[in-house]
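> Sequence and predicted model, in that order:
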Amino acid sequence: MNDELTEFRTSVRALLTKHADSAAVRAAIDTDLGYDEKLWRLLCEQIGVAALAIPEEYGGIGAGLTESLLVVGELGRTLAGVPMLGSAVIGVQALLLAGDADTCARLLPEVAEGTGTLAVSWACAGGWDSPGVRADGDTLHGTAHYVLDAAGATTHLVLTDAGLYEAEPTAVRTIATMDPTRRVGEVEFDGVTGRRIGSVDPARLREIAWTALAAEQVGAATRCLENTVEYTRSRVQFGRPIGSFQALKHRMADLYVLVESAESTVQAATSALVTEAETAAEEVWVARTHSTTAFSTVAAESIQLHGGIAITWEHDAHLFFKRAHADAQLFGAARRPARTG
């Protein structure tokens, strides 16, 4: 985190603080897309978040994955469900990994502008270890599950055992999940013709997804802890703020250490991915595992330290709690890579 990255993160946070407060996030839950379209336009137009990891030759900024994951982390602080993770990170990276310059030149400029979004159909009903859609030549059959940003996507990318395809789905269905702030769907391809783009290493794409999700978890855990500390400073029992009690101080200090160490693992994993270091798989596993533990622990402690009010619909603590449980399952649990040598 150099001064330039810190300043960039501050700019993103300032915009989100102004336009993505709790009321705005809750209002977006009941929209057709499940996110605030106005907020997404602001992020794309004023900061260029969708263009960050897109090379300049395809209409992007060409900054890289590091900056994109900083945005994902800031979005985690607000729980805003804009299509950053699914489209601007996973979708863009899938296209770049496929390596088809013509397809990138055709699709990525409108993604960079924020006028188009990508949805990657990937998982089967059992998870991300096997694709939900199979390719028979150029014909696609099957249903992809847990697809981010499926509703309203302008382009559907399909990851199969035979490579990455572009295709129009037969049907897109929104499914109910524990986390109301993130919309996911089932995307069906019933004998449709797809256009093969190229080969994509699912392991590499999944490592990027895990690291991005870890960045989001750290951002959400940090905000959750901040909210809890603020509450314990104002909640009074026995004539004293409950945050002054030694037992609660110790609990919150432990949470702080947990979150700070998780952030360090995310930075290490991001650096390893960007530089394609030999230790990347190990770094990603550490970040994904530790960030999941940190966010789940902080969210659970937040419910306890807030008392009964935390689980009511009117309070935001339960939204962080639900996001923590949903994030723990998204893209599957990371497995420690086998050691060699």
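Looks like it arrived, so ask away.

> Can you show me the helices along the stretch 1-150 of the chain?
With DSSP state H, counting those that start in this stretch as the criterion, the stretch 1-150 of the chain has helices at 3-19, 22-29, 37-42, 65-78, 92-98, 101-113.

> and His290, which of those is closest to it?
Among the helices of the stretch 1-150 of the chain, helix 65-78 comes nearest to His290, with 14.6 Å by Cβ to Cβ. In short, each C-beta sits where N, CA and C put it, glycine included.

> any idea of the mean pLDDT in that closest one?
Per-residue pLDDT values over helix 65-78 give a mean of 97.

> Run the angle between it and helix 3-19 for me.
30 degrees (axes from the mean of the first three to the mean of the last three Cα atoms, to 10 degrees).

> And helix 65-78, how far out from the chain middle?
What separates the centre of helix 65-78 from the centre of its chain is 8 Å, taken as Cα atoms, centre = their mean, to the nearest Å.

> Next, the angle from it to helix 22-29.
Put simply, helix 65-78 runs at 100 degrees to helix 22-29, going by the same axes, to 10 degrees.

> Restricting to C-alpha, output helix 65-78 in PDB.
Taking Å, rounded to 0.1, in the frame of the first residue of the first chain, the C-alpha atoms of helix 65-78 are listed here in PDB:
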ATOM      1  CA  LEU A  65      -5.800  -6.500 -10.400                       C
ATOM      2  CA  THR A  66      -4.400  -4.700  -7.200                       C
ATOM      3  CA  GLU A  67      -6.600  -1.600  -7.800                       C
ATOM      4  CA  SER A  68      -9.600  -3.700  -8.600                       C
ATOM      5  CA  LEU A  69      -9.400  -5.600  -5.400                       C
ATOM      6  CA  LEU A  70      -9.000  -2.400  -3.400                       C
ATOM      7  CA  VAL A  71     -12.400  -1.400  -4.800                       C
ATOM      8  CA  VAL A  72     -13.900  -4.800  -4.000                       C
ATOM      9  CA  GLY A  73     -12.700  -4.400  -0.400                       C
ATOM     10  CA  GLU A  74     -14.300  -1.000  -0.100                       C
ATOM     11  CA  LEU A  75     -17.500  -2.300  -1.500                       C
ATOM     12  CA  GLY A  76     -17.400  -5.000   1.200                       C
ATOM     13  CA  ARG A  77     -17.500  -2.200   3.800                       C
ATOM     14  CA  THR A  78     -20.900  -1.100   2.500                       C
END
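
> contacts for that helix?
Under the criterion Cβ atoms under 8 Å, 6 or more residues apart in numbering, residues 5, 8-9, 12-13, 16, 20-21, 25, 43, 47, 49, 52-53, 82, 84-85, 88-89, 93, 208, 211-212, 215-220, 222-223, 266, 270-271, 273-274 lie in contact with helix 65-78.

> repeat for stretch 289-308
213-215, 217-218, 220-221, 224-225, 227-228, 231-232, 235, 242, 248, 251-252, 255, 258-259, 261-262, 265-266, 310-311, 315, 317-318, 320-321, 323-325, 327-328, 333-334.

> Just the buried residues out of those, in PyMOL syntax.
Buried members of these, defined by 16 or more other Cβ atoms under 10 Å, are picked up in PyMOL with:
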select buried, resi 213+214+215+217+218+220+221+224+225+227+228+231+232+235+242+248+251+252+255+258+259+262+265+266+310+315+317+318+320+321+323+324+327+328+334
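
> Tell me where the protein is predicted with low confidence.
For the chain, residues meeting the criterion pLDDT under 70 lie at 243-244, 339-341.

> which residues of the protein fall in strands?
Ranges of strands in the chain, per DSSP state E, are 118-121, 123-124, 127-131, 133-136, 139-148, 155-160, 163-166, 171-174, 184-193, 195-198, 236-237, 240-241.

> just the ones you listed: most buried one?
The highest mean neighbour count among the strands of the chain, using mean count of other Cβ atoms under 10 Å, belongs to strand 118-121: a mean of 29.

> which neighbours does it have in its sheet, and in what orientation?
Counting by DSSP bridges, the strands paired with strand 118-121 are strand 155-160 (parallel).

> Can you check what angle separates the strand it pairs with from strand 127-131?
On the basis of the same axes, to 10 degrees, strand 155-160 is oriented at 80 degrees to strand 127-131.

> Which residues does strand 155-160 contact?
Strand 155-160 has contacts (Cβ under 8 Å, 6+ apart) with 91, 94-95, 107, 116-122, 131, 133-135, 140, 144, 150, 164-169, 187, 189, 194, 197, 200, 202, 205.

> Which helix runs longest in the chain?
Criterion DSSP state H: the longest helix present in the chain is helix 202-234.

> any idea how far Asp201 is from Ser291?
Counting by Cβ to Cβ, to the nearest Å, the separation of Ser291 from Asp201 is 23 Å.
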